[in-house]
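A.B. asks: One predicted model, sequence on top.
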Amino acid sequence: MSYPDQLSPAGLPVDNYTFPFWLTEPSPLANAQTTSELPEDPDLIIVGSGLSAAFVAYNVIKARPETRILVLEARELCSGASARNGGQVKTDPYMSYPSRKKKYGTEAANNLCKFELDHLKRYEAFLAEEPIPCSFHVTTAFDVAMTEEVAKTAKATHNERRADFPDDMAAYREVTDLEELERLSGVKGAHWGSTYRVASVWPYKLATGLFARAAEMAATGAGGGWVNIQTRTPVDRIEHTPNGWHAHTPRGAVAAHKLALCMNGYTSHLVPELANHIVPVRGTCSAMLPARPQPTDTPSACAFRPLFGSTAFKYGGAGGEYMISRQEGRKHYILGGGKQVYAHDLKAWYGNTDDSELLPGVEEHFNSYLPKHFKNWPDKTSNLDQIWTGILGYSSDLLPWIGEHPDRPPGLYISAGFHGHGMCRILGCSAALSDIILSGSTGAAADAELVKAGLPPQYLFTSERLAKKDNAILGTYMSAN
C-alpha cells in the first residue's frame, strides 16, 4: 500500500503519560542525573533509554570498559515503549512467512523467522550469564484462530513453513482437536491453534538492570570509563561538525564522535528523512487482576482454571489481542491489542506520539474481553487494574532499521523501527550494532560486519531502503494479524 503524504517528524515524548504496570516498581535510576552538568568528553552518546539503548551501553562497556558513555533521555529512564509493552518474548513463527517468502525468497524468509525465534534462547543464555532480576520465565504460548477463515489461513501458513523447513518447525505443534485446544488454552470458540515456547519478562527491570550493570562495570574498570545517565534531558536537534556529532538539549550541547539513536518511534524527531519510514503508532496494553476464587463445591465442568502462559487471539483484519499470565506478585494478566476498536480513526493512532490519553473505546473493550473469551471466567468483567498507551515504532517495510546512517557523516547509528516485535529483535540487533560502534567500521564494511554478527541483511539501514516510497504499515494494520 502506498501512502504518498509526507508525515511530519515525530514530536518529543509528552510528560503526562498514562502510567503503565511496568513502572509500579521504579528503579533507583529512574530520575538519574549522574552529574549536575552534562559531561564534556563522552566517546559515545546514546539518545533513548529503552532496551535497545541499554543493551548497546552494556555491550560496549563490557567489551571496552574504558568507554565514556552519555545516555540522554527525555523523561524518566526507560519510560517509553520498553516500559509499555506486553511483557513477553514472543514472535510470529509462521503467519508472516508466506509474504516474506514472496518478497525475499524462501531461505531469507526462514532466516528472518529464525532470527526472531532464536531470541528466546539468546535471553536464556544471557540471563544465565548475567542474572538481572527481571521476572524471566519460560512458558507456553497458544495461538488461537477465532474465525474459520483465519483458521484456514493460519493452518496453511503454519504448514507451508513446516513443509519448507520441517526441522525449524519441529518445536511448533498444531492443535486441531478443538476440545483439546479449549482444555489447553482455556479459550472458548477457537477454530484452530498452535503451541510453542515463549517467555514472560519484566522489560523495564531488564533495561534498568542493564544500565546499572554497565555503570558498575565501567566504575570498577581500570580505564576511566563511565556511564553517565541524564534523564529529563530531551535532545532537540543534532548536527555534525569537525568535532563530531553534537546533541543539543535545553541544558546545553554535548559532542561525541559517535552518536547512537535508540529512539524507536521518536527517531524522526532527530532524523526527519525517516518520518515516512519509522512511524510512531499508538497502542494499548493493560493489566488485569486474576479471577476471584470460586466456591470449593463448584462442579469441575463449571470451574474456571487459572490461566497460564501466553495467548494470541487471531481474528484477521485489524482484530486480535495478545496476553501473558504473570507468574509472580499478584499474578496479573497483561492484555494488549484492541486495534479493531480504533483502526478506522487514523489520526488517533498513526503518526501520533501522545501517550497521555487512552485510545477511544479500548478500556471498555478490554474490561469485557476475558469473560467473553475464557471458559467459565467467574467475574462479570476482566478485572481491569491498569491500562496505558504506548508509542511503537512501525516500519514502512515492516522490518527494523539497524546500522550507520548511509547518507550522513560517519558515526551516526540507528536502532529503531521494531514494529511491535522489539522483544524478539532487540537483543540481536543491539549486539550487532555494538560491534560496529566498537570497531568504527563504516559504509559497506560496517554493513558486512553487521551481517557477519547475525543481523538479517533486510534490517540494514541502506540508501536503497531510504529511497523507497512504499508504505506497508496501513495495509498490514488493516488486513493482517
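C.D. replies: Perfect, thanks for sending it.
A.B. asks: Give me the contacts around stretch 271-278.
C.D. replies: Under the contact criterion Cβ atoms under 8 Å, 6 or more residues apart in numbering, stretch 271-278 has outside partners 3, 6-10, 261, 264-265, 267-268, 393-397, 401, 405, 407, 414, 416-417, 465-466, 469, 471. No exception for glycine: its C-beta is placed from N, CA and C like everyone else's.
A.B. asks: Now do that stretch, average pLDDT.
C.D. replies: Stretch 271-278 shows a mean pLDDT of 97.
A.B. asks: same check, this time on stretch 16-36
C.D. replies: Stretch 16-36 shows a mean pLDDT of 98.
A.B. asks: What residues sit buried inside it?
C.D. replies: For stretch 16-36, burial by neighbour count (16 or more other Cβ atoms under 10 Å) applies to 17-18, 20-23, 26-27, 29, 32, 34.
A.B. asks: For it, which outside residues touch it?
C.D. replies: Applying Cβ under 8 Å, 6+ apart, the contact partners of stretch 16-36 are 75-79, 83-84, 87, 202-205, 208-209, 211-212, 215, 226-233, 285, 287, 332, 334, 355-358, 385-390.
A.B. asks: and with 7 Å instead?
C.D. replies: 76-77, 79, 83-84, 87, 202-204, 208, 211-212, 228-231, 285, 287, 332, 334, 355-356, 358, 386, 388-389 (Cβ atoms under 7 Å, 6 or more residues apart in numbering).
A.B. asks: Any idea which residue is closest to the centre of the chain?
C.D. replies: By Cα atoms, centre = their mean, the chain has its centre lying nearest to G422, at 2.6 Å.
A.B. asks: got the contact list for it?
C.D. replies: Shown in contact with G422 (Cβ under 7 Å, 6+ apart): 51, 81, 85.
A.B. asks: picking up where we left off before, would you show me how to pick out the buried ones of the contacts of stretch 16-36 in ChimeraX?
C.D. replies: To isolate the buried members of those in ChimeraX, using 16+ other Cβ under 10 Å:
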select :76,77,79,83,84,87,202,203,204,208,211,212,228,229,230,231,285,287,332,334,355,358,386,388,389
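A.B. asks: Now, the contacts of stretch 16-36 that are in helices?
C.D. replies: Using DSSP state H to define helices, the subset of the contacts of stretch 16-36 located there is 203-204, 208, 211-212.
A.B. asks: before we move on, back to that, just the buried ones from the contacts of stretch 271-278?
C.D. replies: With burial judged by 16+ other Cβ under 10 Å, the buried subset of those is 3, 7, 9-10, 261, 264-265, 267-268, 393-397, 401, 405, 414, 416-417, 465-466, 471.
A.B. asks: Please flag which of those sit within helices.
C.D. replies: Those of the buried ones among the contacts of stretch 271-278 lying in helices (DSSP H): 465-466.
A.B. asks: element containing the nearest residue to P42 once chain neighbours are set aside, please.
C.D. replies: Spatial nearest neighbour of P42, excluding adjacent residues (Cβ to Cβ, 6 or more residues apart in numbering): L70 at 4.0 Å. Under the criterion of DSSP states H and E, L70 resides in strand 68-72.
A.B. asks: which residues touch the helix or strand following that strand?
C.D. replies: Sequence-wise, the next helix or strand downstream of strand 68-72 (DSSP H and E) is strand 88-89. For strand 88-89, the external contacting residues (Cβ under 7 Å, 6+ apart) are 119-120, 123, 198-201, 310, 324, 423-424.
A.B. asks: A255: neighbouring residues, count only.
C.D. replies: By the measure other Cβ atoms under 10 Å, the count of residues near A255 is 19.
A.B. asks: And the strands in the stretch 351-481 of the chain?
C.D. replies: Using DSSP state E, counting those that start in this stretch, the strands found in the stretch 351-481 of the chain span residues 384-395, 401-404, 412-416.
A.B. asks: Output those strands in TSV; the columns should cover distance to W349 and mean pLDDT.
C.D. replies: TSV is the format used below for these (distance: least, Cβ to Cβ, whole Å; pLDDT from 0 to 100):
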stretch	distance to W349	mean pLDDT
strand 384-395	9	98
strand 401-404	21	98
strand 412-416	18	98
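A.B. asks: export the ones you listed to CSV and tack on distance to A163?
C.D. replies: Formatted as CSV, the strands of the stretch 351-481 of the chain follow (distance: least, Cβ to Cβ, whole Å):
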stretch, distance to A163
strand 384-395, 28
strand 401-404, 31
strand 412-416, 34
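A.B. asks: other SSEs contacting the strand holding L70?
C.D. replies: Contacts defined by 3 or more Cβ pairs under 7 Å, 6 or more residues apart in numbering; DSSP states H and E place strand 68-72 against strand 44-47, helix 51-63, strand 226-230.
A.B. asks: Mind checking the pLDDT average for that strand?
C.D. replies: For strand 68-72, mean pLDDT rounds to 98.
A.B. asks: cool, stretch 82-96 as well?
C.D. replies: Rounded mean pLDDT across stretch 82-96 is 94.
A.B. asks: Same question for stretch 355-375.
C.D. replies: Mean predicted lDDT for stretch 355-375 stands at 96.
A.B. asks: what about it, how long is it end to end?
C.D. replies: 33 Å (Cα to Cα, to the nearest Å).
A.B. asks: Flag every buried residue along it.
C.D. replies: Buried-residue list, stretch 355-375, by 16+ other Cβ under 10 Å: 355, 358-359, 362-363, 365-367, 369-371, 373-375.
A.B. asks: again with stretch 312-325
C.D. replies: Those would be 312-325, for stretch 312-325 by 16+ other Cβ under 10 Å.
A.B. asks: Pull the most distant pair out of the residues you listed.
C.D. replies: The largest separation in those, counting by Cβ to Cβ, is between G317 and S325 at 26.0 Å.
A.B. asks: now the angle between strand 226-230 and the strand holding L70, please.
C.D. replies: With axes from the mean of the first three to the mean of the last three Cα atoms, to 10 degrees as the basis, strand 68-72 and strand 226-230 are set at 10 degrees to each other.
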